[in-house]
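J.: Fold the following.
(one chain, ligands or ions: 1)
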Amino acid sequence: MKKLTIVNEIPEKFLEINYRDIKEIFDRPTLVHLKGDKEPPLFISILLHGNEFSGLQIMQEILTKYQEDGYYHLPRSIWLFVGNVEAASLGLRRQDDELDFNRAWPGTPHPDAPTSRLIAEVMEKITGNALFAALDLHNNTGTNPALRMHLCCQ
Ligand SMILES: [Zn+2]
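T.: Okay, the predicted model is just below:
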């Protein structure tokens, strides 16, 4: 059973942490909601593949840029999903005994897998209200970071 943690803040340690140490902050897959000036929120997912750390680095850069006195002054609200923290801590794309976090979105052929149920929980939460857009950040074998758009939600 994979349990989702939902929080409304990000510890300052996030800004400098190495992906292998991510469990020091988030010991389970975590959905973070941060308020910004504009709504609806932008959804961003990182570490769906545990060893693809570009998304974490991008979010560290962005949040550092908008941080002031311990607060984040974001131009738009965000949902940040920090996905496979267990695999990240192991330096792996995924664990052997689990469904790939990026094969678990709605429409997956394995809707009953624990990973799919976790992602369904994320989807339910983020689609409760309007979304601006969804970004899923991965590494690839060429120039990183790679950006891919998930065309989910309105
Ligand atoms: Zn990936």
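
J.: ok, now how distant is the residue located most distally from the centre of the chain from residue 12?
T.: Most distant residue from the mean C-alpha position of the chain: residue 69, 24.2 Å away (CA atoms, centre = their mean). Per CB to CB, to the nearest Å, residue 69 is found 11 Å from residue 12. For every residue, glycine as well, the C-beta is placed using N, CA and C.

J.: Without its sequence neighbours, what residue ends up closest to the most centrally placed residue in the chain?
T.: Most central in the chain under CA atoms, centre = their mean is residue 81, positioned 2.5 Å from the mean C-alpha point. The shortest distance from residue 81 to any non-neighbouring residue, by CB to CB, 6 or more residues apart in numbering, is to residue 45 (4.2 Å).

J.: Likewise for residue 133?
T.: residue 42 (5.6 Å).

J.: residues making contact with the one helix or strand that neighbour maps to?
T.: Applying DSSP states H and E as the criterion places residue 42 in strand 36-46. Contact with strand 36-46 is made by 33, 55-56, 58-59, 72-83, 126, 129-137, 150, 153, as judged by CB atoms under 8 Å, 6 or more residues apart in numbering.

J.: can you list the weak-confidence ranges in this structure?
T.: For the chain, the stretches with pLDDT under 70 are 1, 141-154.

J.: Which parts of it are strands?
T.: Listed in chain order, the strands of the chain (DSSP state E) span residues 5-7, 30-34, 36-46, 67-68, 71-72, 74-82, 133-138, 146-149.

J.: quick one on the thing from earlier: which of the contacts of strand 36-46 count as buried?
T.: Among these, those scoring as buried are 55-56, 58-59, 72, 74, 77-83, 126, 131-132, 134-137 (criterion: 16 or more other CB atoms under 10 Å).

J.: Which strand residues bridge the residue nearest to residue 133?
T.: residue 78, residue 133 (DSSP bridges).

J.: now the one 4 residues further on
T.: Residue 46 forms beta bridges with residue 82, as assigned by DSSP bridges.

J.: residues near it, how many?
T.: If you count neighbours by other CB atoms under 10 Å, residue 46 ends up with 27.

J.: now do residue 116
T.: Other residues near residue 116 come to 20 when the count uses other CB under 10 Å.

J.: interface residues of the protein facing the ion?
T.: For the chain, the residues found near the ion under the criterion CB under 5 Å from the ion are 49, 52, 138.

J.: top of those by neighbour count?
T.: That'd be residue 52 among these, by other CB under 10 Å, with 24 neighbours.
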